[in-house]
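In: let's see this in three dimensions:
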Amino acid sequence: MNTWQLQMAQNAATHRDEIAADLVHSIHLREQAKSGFDEADSRVRALEHLLSLANELEGGAPSKEVMKLHEAMVEVLKSDPTGMSRAVHIAAAINERGLYRMQDGRPVEGQQVTARVGRYPHLFDREGTFIKLR
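Out: I've put the predicted structure just below:
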């Protein structure tokens with residue numbers, strides 16, 4: 001351990017209780033923020049679905065499925081500079097681009113993306129928590 005690391009370790013040891021309390025508080029804040037985001041995201045999806053239904057009722061073109069989910073996943077992964085992404089990010093990109101909706105009109109969720117990876121092993125590989133094209 002170099003001098004700087006030793007000083008940092010000593011400082012951390014001196015203030016261990018404060019650091020631990022700050023960590024617990026920060027974890028709590030992160031969980032609150034995540035919960036708030038999930039709640040807002042769910043509300044956005046519900047409102048988007050309601051607007052889609054209203055458009056259909058008023059004679060607008062019904063939102064039709066342009067491609068299959070696995071095709072939308074391929075498109076998203078092809079456009080990703082790294083060529084790989086996590087399921088939740090793939091789902092978010094599909095929803096943002098309007099590439100696919102579930103049969104009941106809801107947006108795609110990460111778990112559906114993950115399930116399709118298993119159904120299309122000739123198209124997708126898993127690398128840890130990441131999904132990539134073969």
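In: for the rest of this, base every contact and every neighbour count on C-alpha atoms.
Out: OK.
In: and for Phe37, the neighbour number?
Out: Other residues lying near Phe37 total 12 when counted by other CA atoms under 10 Å.
In: and it, how far is that from Asn11?
Out: 35 Å (CA to CA, to the nearest Å).
In: also Ala46?
Out: 49 Å.
In: compare those two (neighbour count), which wins?
Out: Per other CA under 10 Å, whichever of Ala46 and Asn11 has more neighbours is Ala46, with 15 against 11.
In: give me the element the more buried one is part of.
Out: Using DSSP states H and E, Ala46 sits within helix 16-57.
In: what's the first helix or strand after that helix?
Out: Helix 16-57 is succeeded, C-terminally, by helix 69-79 (DSSP H and E).
In: pull that next one out as PDB, backbone CA atoms only.
Out: Only the C-alpha atoms of helix 69-79 are listed here, as PDB (Å, rounded to 0.1, in the frame of the first residue of the first chain):
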ATOM      1  CA  LEU A  69     -40.200  -8.900 -31.000                       C
ATOM      2  CA  HIS A  70     -37.000 -10.900 -32.000                       C
ATOM      3  CA  GLU A  71     -36.700  -8.700 -35.200                       C
ATOM      4  CA  ALA A  72     -37.000  -5.600 -33.100                       C
ATOM      5  CA  MET A  73     -34.300  -6.900 -30.800                       C
ATOM      6  CA  VAL A  74     -32.000  -7.500 -33.700                       C
ATOM      7  CA  GLU A  75     -32.600  -4.000 -35.000                       C
ATOM      8  CA  VAL A  76     -31.800  -2.500 -31.600                       C
ATOM      9  CA  LEU A  77     -28.700  -4.500 -31.200                       C
ATOM     10  CA  LYS A  78     -27.400  -3.700 -34.700                       C
ATOM     11  CA  SER A  79     -27.700   0.000 -33.900                       C
END
